[in-house]
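Engineer: Provide a 3D model corresponding to the input given below.
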Amino acid sequence: MRSVVVWVGCLILGAISGCAAVYATKPVGEVPCSVKASEWDGTWVNKNGAVTLKVVDEQAGTLRMAWVEWSIQGPRLESHEIQMRRSGDVTFASVRQGEDSGRALYVWARVKREGNELICWTPDVDRFKTAARNGQFPFREKDDSIVLGELTPEHVRILASQEAGSLYRWDDPVVLLRMNSGEH
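Structural biologist: Sure, this is the predicted structure:
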């Protein structure tokens, strides 16, 4: 289940599992990506579990994601807000995952929805570290993770470009399928 959250929790993979992550201090993307409830609301599943998505604000591209997390103490409802933003024709999903030194931290991924299939590609931490160390992005390291600094529109366009393709884990996407539309 955690890998579903990892991603759609945009992605909460790095933060939840303790693995390294690429964080941003603001939702990634240039402008909000409008979303339609008829295309996003419902139960989305993959081999590790299921999440429910519900559009909160169509114009602002805001979704609410919820799932049941099981532990020794029993079931617990978890919920996070997802900010959908775009740069050109590329869509990014960002989930606030806490704070560091008074600044918000977001986990994020590049996403593509085709009908009832949602494909999510998370950033490759090692490749981002290399690109940042080479001056491509402002950054600082935090344990095994990287926190991107203030991203300019040019930085975001790089993230959306084909040249940035090597920065993502293309060979290991999280794929979710919508099982129902959430309507009764």
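
Engineer: thought residue 56 was touching residue 79?
Structural biologist: No: the criterion here is C-beta atoms under 8 Å, and residue 56 misses it with residue 79 at 11.0 Å. From N, CA and C alone the C-beta is placed, and that goes for glycine too.

Engineer: which neighbours do those two share?
Structural biologist: residue 64 (C-beta atoms under 8 Å, 6 or more residues apart in numbering).

Engineer: What segments of the protein are helices?
Structural biologist: Applying DSSP state H to the chain gives helices spanning 2-8, 13-17, 37-40, 125-133, 153-160.

Engineer: Return the set of buried residues in the third one.
Structural biologist: Of the residues in helix 37-40, 37, 40 count as buried by neighbour count, 16 or more other C-beta atoms under 10 Å.

Engineer: Tell me the helices and strands packed up against that helix.
Structural biologist: strand 49-57 (3 or more C-beta pairs under 8 Å, 6 or more residues apart in numbering; DSSP states H and E).

Engineer: Show me what the strand it packs on is packed against.
Structural biologist: Using 3+ C-beta pairs under 8 Å, 6+ apart, strand 49-57 sits against helix 2-8, helix 37-40, strand 42-46, strand 62-71.
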